[in-house]
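Enquirer: turn this into a structure:
(2 chains)
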Amino acid sequence: MAIIKANNVSIRYITGDFKDIGLKEYVMRRLKGNYKVTEFWADRHVTFELEKGDMLGIIGTNGAGKSTLLKAVSGIMVPTEGNMEINGSIAALLELTSGFDGELTVRENTYLRGAMLGYTRDFMDKMYDHIIDFAELKDFQDRPFKQLSSGMKSRLAFSIACLVNPDIIILDEVLSVGDGAFRKKSGNKMKEILSNGVTGILVSHSVSQVREMCNKILWLDHGKQIAFTDEKDLYLDAYEEFLQTKNLPQSKEEIEKLAADWKERKRKERESAQRTEAQKLQAVLEAGESDAALQAALNIIRKRNPDLLK
Amino acid sequence: MINKIKKHQFLFEELVKRDFKQKYKRTVLGMGWSLLSPLLQLLVMSIVFKQFFGRNMDHYTIYLFCGNLVYAYFKESTSGGMNSLMANRGIFSKVNVPKYMFLLSKNVSSLINFGLTLCIFFLFALIDGVDFGLHFLALIYPICCLVVFNIGVGLVLSALFVFFRDISYLYDIFTLLLMYMSAIFYTVDTMAPWFQKLILCNPVYCYIKYFRVVVLDGNIPSLAFHALCAFYALVVLAIGAWVYKHYNHKFLYYV
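Expert: Residues are numbered from 1 along each chain as shown, chains lettered A, B, ... in the order given. Here you go, the predicted structure:
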């Protein structure tokens, strides 16, 4: 049974003058006839299906409709057309630090966030120490939340969201929180969760992260679905080439061509990197005043590639 | 609906706690202030208006208190509720939770406040020599109506506030007008009969009147009057519920 099934999902979004205006301005604009609202399809005919244990990476440039699609998956928005089937509980880690209250203490915020994510009080009582330990905030438990640094805030948010066992986890640009050490810890935790057979959706601008964590790819561009596939390497190569050239592929052949172009580009880059390295080395050797540097170079060549000296 | 409430009970409790703490953390007196403020208001009003309106009336202070009690609860609950959706936009635009919970949790804290003021009201009534009796139990009815009415108005206002941010200023003016139209410090008995009919169109006045009939006259209002009280509450609640249902997924575009 599919855990998530998006069937020809289209979502219409509206934007325009209606935001942040008062009644007075609304009436004035209406009278003058310069009240403009534009409607557009944030997502159009998106179809995909995820089985248990799948990790979907959604890629696409800004404004591709990734976040809107996630909102539809988590039930905050409903598709204008098509339908979305969800079988399981969802933990959405959308934009980590929003929804906290600066005046409440860390402890109170932890419970509040836990409640928002749909946990029970018993569960939070049981997990609270765990969460604080993981976030490394033991000394800050009863301080107001606003006194924390932004790194600490996202650490807490990540820890709360991580220590659950949801059926579906939604990660929207959240894997790069905290300092190096914490990032490593959170990465490991994430892998542990994923290895337990959770179904996940990841939105990230880091292609290498998607490559590492996902087994399926959904490529969106301006709301249109370019591809939904499990040939992730091919499509990620093509996507990276697309980011360079902005040539949107229209067919499978073009995808393959893009991917090939990307490999070619990578190869050239590697070659030119090697060339510059060689040039640098030569410059160093030539600038050396004693023969010791040359002798060292000779020693290395003798050891690594004696054929060159013949 | 009940399942939904059960599912989100923990969130609801946490929201109530948060609203409570937010409300009282800035005041030195804490909850004491919420009690003191209506009392001081009552004091000022009774000093000023007793000379004009209260000369030939028994228990004028209690008469005034009835009006003030109901009106203050209405105003606090609705003005506070107006911001409830907007203030929680960071939550409902990220997590799928029932949006009316924010308003309900705000209403819980104003209800508690109202309850405390009510205790003081009874104390005053006792001191003033009002006849206590079992008929006071009838007050539960207008209180229930008022709670429902306030929630309904709060639903409508909080939705409107998302669409038009200047509603709060307009609403301030409206509540001022409403105060003068609710016969809080004057009596309508000496007014023209058509005015006495017309003022029944004001739901807040109806709830105040119910209180006065029970506390001051020692009576229970007619059945028709009960129906009128319930009618206002249910109509407003229905409108509010419809607005929330209709705009449930559209609020997102406006925040």
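Enquirer: ramachandran angles for the closest residue to chain A within the stretch 151-255 of chain B?
Expert: When scored by Cβ to the nearest Cβ, the stretch 151-255 of chain B has B:D166 as its residue closest to chain A, at 3.2 Å. The C-beta positions use only the backbone N, C-alpha and C, and glycine is treated the same way. For B:D166, the backbone dihedrals (degrees, to the nearest 10) come out as phi -90, psi 0.
Enquirer: spit out the contact partners of it.
Expert: Residues near B:D166 by Cβ atoms under 8 Å, 6 or more residues apart in numbering or on different chains: A:G22, A:L23, A:K24.
Enquirer: against chain B, how distant is A:A259?
Expert: Using Cβ to the nearest Cβ, to the nearest Å, we find A:A259 at a distance of 36 Å from chain B.
Enquirer: and the pLDDT for that residue?
Expert: If you check A:A259, the pLDDT there is 86.
Enquirer: that one and A:F48: what is the separation?
Expert: When distance is defined by Cβ to Cβ, to the nearest Å, A:A259 is 21 Å away from A:F48.
Enquirer: so who does the residue nearest to the spatial centre of chain A touch?
Expert: Most central in chain A under Cα atoms, centre = their mean is A:S204, positioned 2.0 Å from the mean C-alpha point. Counting by Cβ under 8 Å, 6+ apart, A:S204 makes contact with A:G57, A:L171, A:E173, A:L175, A:V210.
Enquirer: residues in contact with stretch B:232-248?
Expert: B:99-100, B:145-146, B:148-149, B:151-156, B:159, B:203, B:206.
Enquirer: which parts of chain B sit against chain A?
Expert: Applying Cβ under 8 Å from any Cβ of the partner chain, we find that chain B lies next to chain A at B:7-8, B:10-11, B:13-15, B:17-18, B:21-22, B:25, B:88, B:90-97, B:163-167, B:170, B:249, B:252-254.
Enquirer: swap the cut-off to 6 Å and go again
Expert: Residues of chain B lying close to chain A (Cβ under 6 Å from any Cβ of the partner chain) are B:10-11, B:14, B:18, B:90-91, B:94-96, B:164-166, B:249, B:253.
Enquirer: among those residues, which two are most distant?
Expert: Largest separation among the residues of chain B next to chain A by Cβ to Cβ: B:F10 and B:D166, giving 35.7 Å.
Enquirer: which residues of chain A score low on pLDDT?
Expert: When residues are selected by pLDDT under 70, those of chain A lie in A:93-97, A:164-165, A:174-178.
Enquirer: where do the helices sit along it?
Expert: Here chain A has its helices, by DSSP state H, at A:23-32, A:66-73, A:106-116, A:121-135, A:150-162, A:180-195, A:207-213, A:232-245, A:252-287, A:292-304.
Enquirer: let me have those helices in JSON lines, extended by mean neighbour count and distance to B:I62.
Expert: Formatted as JSON lines, the helices of chain A follow (neighbours: other Cβ atoms under 10 Å in any protein chain shown; distance: least, Cβ to Cβ, whole Å):
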{"stretch": "helix A:23-32", "mean neighbour count": "13", "distance to B:I62": "39"}
{"stretch": "helix A:66-73", "mean neighbour count": "23", "distance to B:I62": "54"}
{"stretch": "helix A:106-116", "mean neighbour count": "23", "distance to B:I62": "41"}
{"stretch": "helix A:121-135", "mean neighbour count": "16", "distance to B:I62": "43"}
{"stretch": "helix A:150-162", "mean neighbour count": "22", "distance to B:I62": "51"}
{"stretch": "helix A:180-195", "mean neighbour count": "14", "distance to B:I62": "63"}
{"stretch": "helix A:207-213", "mean neighbour count": "15", "distance to B:I62": "70"}
{"stretch": "helix A:232-245", "mean neighbour count": "20", "distance to B:I62": "76"}
{"stretch": "helix A:252-287", "mean neighbour count": "13", "distance to B:I62": "82"}
{"stretch": "helix A:292-304", "mean neighbour count": "11", "distance to B:I62": "102"}
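Enquirer: what about the residue nearest to the centre of chain A, distance to chain B?
Expert: For A:S204 relative to chain B (Cβ to the nearest Cβ), the value is 18 Å.
Enquirer: flag every residue of the stretch 51-200 of chain A that's near chain B.
Expert: Going by Cβ under 6 Å from any Cβ, the residues of the stretch 51-200 of chain A near chain B are A:74-78, A:94, A:98-99, A:101, A:111-112, A:115-116, A:120-121.
Enquirer: so what's the residue count around residue 251?
Expert: Picked chain A for this. Burial measure for A:S251: 8 neighbouring residues, criterion other Cβ atoms under 10 Å in any protein chain shown.
Enquirer: oops, wrong one, chain B.
Expert: The tally of other residues near B:F251 (other Cβ under 10 Å) stands at 19.
Enquirer: equivalent analysis for the one 3 residues further on, please.
Expert: B:Y254 is surrounded by 20 other residues when neighbours are defined as other Cβ under 10 Å.
Enquirer: and the nearest residue to it once chain neighbours are set aside, which of the three is it?
Expert: Spatial nearest neighbour of B:Y254, excluding adjacent residues (Cβ to Cβ, 6 or more residues apart in numbering or on different chains): B:V162 at 5.0 Å. Taken by DSSP: H, G, I helix; E, B strand; the rest coil, the conformation at B:V162 corresponds to helix.
Enquirer: list the contacts of B:V162.
Expert: Applying Cβ atoms under 6 Å, 6 or more residues apart in numbering or on different chains, we find B:V162 in contact with B:L85, B:M86, B:F251, B:Y254.
Enquirer: ok, A:L23 next?
Expert: By Cβ under 6 Å, 6+ apart, the contact set of A:L23 is B:F164, B:D166.
Enquirer: state the distance from it to B:Y171.
Expert: Computed as Cβ to Cβ, the A:L23 to B:Y171 distance reads 11 Å.
Enquirer: and the residue nearest to B:F53 when sequence neighbours are not counted, what helix or strand is that in?
Expert: Among residues not flanking B:F53 along the chain, B:Y186 sits closest, at 5.0 Å (Cβ to Cβ, 6+ apart). For B:Y186, there is no enclosing helix or strand under DSSP states H and E.
Enquirer: in terms of contact, does B:Y186 touch B:F52 like I think?
Expert: No: with contacts counted by Cβ atoms under 6 Å, B:Y186 stays clear of B:F52, the gap being 8.0 Å.
Enquirer: the more surrounded of these two?
Expert: Per other Cβ under 10 Å, whichever of B:Y186 and B:F52 has more neighbours is B:Y186, with 17 against 9.
Enquirer: so how many other residues sit close to A:D20?
Expert: A:D20: 10 neighbours (other Cβ under 10 Å).
Enquirer: residue ranges in chain B under the pLDDT threshold?
Expert: Within chain B, the segments meeting pLDDT under 70 span B:1, B:26-30, B:54.
Enquirer: quick check, central residue of it?
Expert: Note on chain B: the residue nearest the mean C-alpha position is B:F74, at 2.0 Å, using Cα atoms, centre = their mean.
Enquirer: tell me how many other residues crowd the closest residue to chain B within the stretch 201-310 of chain A.
Expert: Closest to chain B within the stretch 201-310 of chain A is A:V203: 13.8 Å, counting by Cβ to the nearest Cβ. Applying other Cβ under 10 Å, we find 23 residues neighbouring A:V203.
Enquirer: wait, it touches A:D172, no?
Expert: Yes: counting by Cβ under 6 Å, A:V203 does reach A:D172; the two are 4.7 Å apart.
Enquirer: domain ranges for chain A?
Expert: Split into domains by automatic domain parsing, chain A comes to A:4-231, A:232-310.
Enquirer: let me have those in a markdown table, extended by distance to B:L104.
Expert: Below are the domains of chain A laid out as a markdown table (distance: least, Cβ to Cβ, whole Å):
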| stretch | distance to B:L104 |
| --- | --- |
| domain A:4-231 | 14 |
| domain A:232-310 | 46 |
